[in-house]
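Q: Okay, sequence plus prediction incoming.
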Amino acid sequence: MSLSEIGQKIAGFIKIVSIVLITSAIGLELSNIFGVLNTNEIPHNLTPIFAIARVALIAHLFEGIIAAIYAGSKSKLPFQYGIYTFFVGTVGLVELFRQENS
């Protein structure tokens, strides 16, 4: 197995894990908003998890925006590629830039 095949398998694994974790982070934030609106208190031991989820969502949002802006110049659908990159993260940006070099 060559090094590029190993890299592709790792990238595929990262994509799957990233989609699951970002979807979970969105669910956490929605439950947090629901709790705040209904004056339910969140346990204090979950505060670090919410902070990590927020940082991940913000980072993925910036990555999605960058991909959407740049995808237009690569004959890709900007909105679709931005959503894709939002969920898979940096791997989506790497794929977009790799297509530039090919």
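A: Received it, and whenever you're ready, just let me know what you need. For clarity, every value in this text was computed on a predicted model and none was experimentally measured.
Q: what stretches of this protein score poorly on pLDDT?
A: When residues are selected by pLDDT under 70, those of the chain lie in 99-102.
Q: Counting by contacts, list what the lengthiest helix in it packs against.
A: Scanning the chain for the longest helix, with DSSP state H as the assignment, gives helix 3-37. Secondary structure elements in contact with helix 3-37, counted by 3 or more CB pairs under 8 Å, 6 or more residues apart in numbering; DSSP states H and E, are helix 47-71, helix 78-88, helix 90-101. Quick note: C-beta positions are derived from backbone N, CA and C, even for glycine.
Q: List the buried residues of it.
A: For helix 3-37, a neighbour-count test (16 or more other CB atoms under 10 Å) marks Lys15, Ser18, Leu21, Ile22, Ala25, Leu28, Asn32 as buried.
Q: Tabulate the residues you listed (a markdown table), appending distance to Phe62.
A: Formatted as a markdown table, these follow (distance: CB to CB, whole Å):
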| residue | distance to Phe62 |
| --- | --- |
| Lys15 | 18 |
| Ser18 | 15 |
| Leu21 | 17 |
| Ile22 | 13 |
| Ala25 | 15 |
| Leu28 | 19 |
| Asn32 | 21 |
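Q: out of those residues, who's nearest Val55?
A: In terms of CB to CB, no member of the buried residues of helix 3-37 lies closer to Val55 than Ala25, at 9.4 Å.
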